[in-house]
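Student: Turn this into a structure:
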Amino acid sequence: MTELVRDYDDEPMSDDELQDVARHLGERFEDHDKRFLALMTPEQRAAHKEALWMLYRHIDRIWEAPKQAGGPHPVELGGYGAVAGLRDMIDQLVGHVEDVQDAAGDEPEQYRARMVVEDTGS
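Tutor: Residues are numbered from 1 along each chain as shown. Predicted structure coming up:
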């Protein structure tokens, strides 16, 4: 009987494959994402976009860390395909929001979103 569960560690994806998969996910998610973004209020879209940018900045810090430390570019290190892919995908998701904002006539600069992260001690 063929085993139904695949152990991904047996055949890890290359950095290029990981980045391509993330890009494809962002592309294939576009219609679903835009449909639900269109249901949001302009304020909700602005907050959603800010949350995505916060995530992008976090991922970008991971990408930039080797260079900031005086080391090689992450591409030269290898193992950063997932990081690059996530950056690309989040950038696509921000683009989805911007497209919907434009189509809806939102004026994003009128809405300021502020995210607060609290440590609940759990």
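
Student: what about the biggest helix by length in the chain, distance to the chain center?
Tutor: Identified as the longest helix of the chain according to DSSP state H is helix 42-68. Its chain's C-alpha centre and that of helix 42-68 lie 8 Å apart, by Cα atoms, centre = their mean, to the nearest Å.

Student: going forward can the numbers begin at 38, since that is how I track them
Tutor: Yep, numbering from 38; the last one is helix 79-105 now.

Student: So which elements touch that helix?
Tutor: Secondary-structure packing of helix 79-105 (3 or more Cβ pairs under 8 Å, 6 or more residues apart in numbering; DSSP states H and E): helix 111-114, helix 118-141. No exception for glycine: its C-beta is placed from N, CA and C like everyone else's.

Student: Just want the most central residue of the chain.
Tutor: Nearest to the geometric centre of the chain sits residue 127, at 2.3 Å (Cα atoms, centre = their mean).
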